[in-house]
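>>> Need a 3D model of the following:
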Amino acid sequence: MLLLTGGAGSYAQFITVLLIFVIVLGITALTTKWIANYQKQQSINENVQVIETTRIANNKYIQIIKIGGKYVAIAVCKDTITMLGEIPEEQLKEEKPVQNFSFKEFLDKASAFGKGEVNQEEPKENQSHDEK
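Numbering: from 1, shown residues only. Just a heads-up that it's a prediction; the model follows:
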């Protein structure tokens, strides 16, 4: 029956519910940030770093870790961890972490791509097949 009465009361009720929803979302975002920062501080290690992880099967991974100044490859299974060997630093291709990621720039690129403004060239392999 409340929905059928209409008027200013229903608008006020809608605005109140919307405001409560936004406040709950804000509290959730702040709590999530706080927990993430807390966990980041708990896991700061200066001597042990996971460089790369590759899944090879269900519950089986190969990881490259840096312990002190040495790089080591390990196999991580459900119940065991096995050292595969040491890797010389020169053989690693270490990628630099992405810093200063701008979500606005990402959205601008995505919208430009969606509008067809991005120059899309055919790969050279496809062009050579078309010419034959």
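>>> Tell me where this protein has strands.
48-57, 60-67, 70-76, 81-87 (DSSP state E).
>>> Make CSV out of those and add distance to Trp34.
For glycine as for every other residue, the C-beta is placed from the backbone atoms N, C-alpha and C. Listed next are those as CSV, based on distance: least, Cβ to Cβ, whole Å:
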stretch, distance to Trp34
strand 48-57, 24
strand 60-67, 29
strand 70-76, 30
strand 81-87, 32
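>>> With distance to Tyr11 and mean pLDDT as new columns, can those be given to me in JSON lines?
Listed next are the strands of the chain as JSON lines, based on distance: least, Cβ to Cβ, whole Å; pLDDT from 0 to 100:
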{"stretch": "strand 48-57", "distance to Tyr11": "53", "mean pLDDT": "89"}
{"stretch": "strand 60-67", "distance to Tyr11": "55", "mean pLDDT": "93"}
{"stretch": "strand 70-76", "distance to Tyr11": "57", "mean pLDDT": "94"}
{"stretch": "strand 81-87", "distance to Tyr11": "61", "mean pLDDT": "94"}
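>>> and of those strands, who's closest to Lys109?
In terms of Cβ to Cβ, the element of the strands of the chain nearest to Lys109 is strand 48-57, at 26.4 Å.
>>> Which secondary structure elements does that closest one sit against?
strand 60-67 (3 or more Cβ pairs under 8 Å, 6 or more residues apart in numbering; DSSP states H and E).
>>> How much space separates the nearest residue to Met83 once chain neighbours are set aside from Thr53?
Counting by Cβ to Cβ, 6 or more residues apart in numbering, Met83 lies nearest to Ile74, which is 5.4 Å off, once chain neighbours are set aside. Distance of Ile74 to Thr53, given as Cβ to Cβ, to the nearest Å: 10 Å.
>>> Just the pLDDT for Ala110.
Model confidence at Ala110, expressed as pLDDT, equals 83.
>>> Relative to the whole chain's centre, how far out is the lengthiest helix in the chain?
Secondary structure of the chain per DSSP state H: the longest helix is helix 8-42. Distance of helix 8-42 from the chain centroid (Cα atoms, centre = their mean, to the nearest Å) equals 22 Å.
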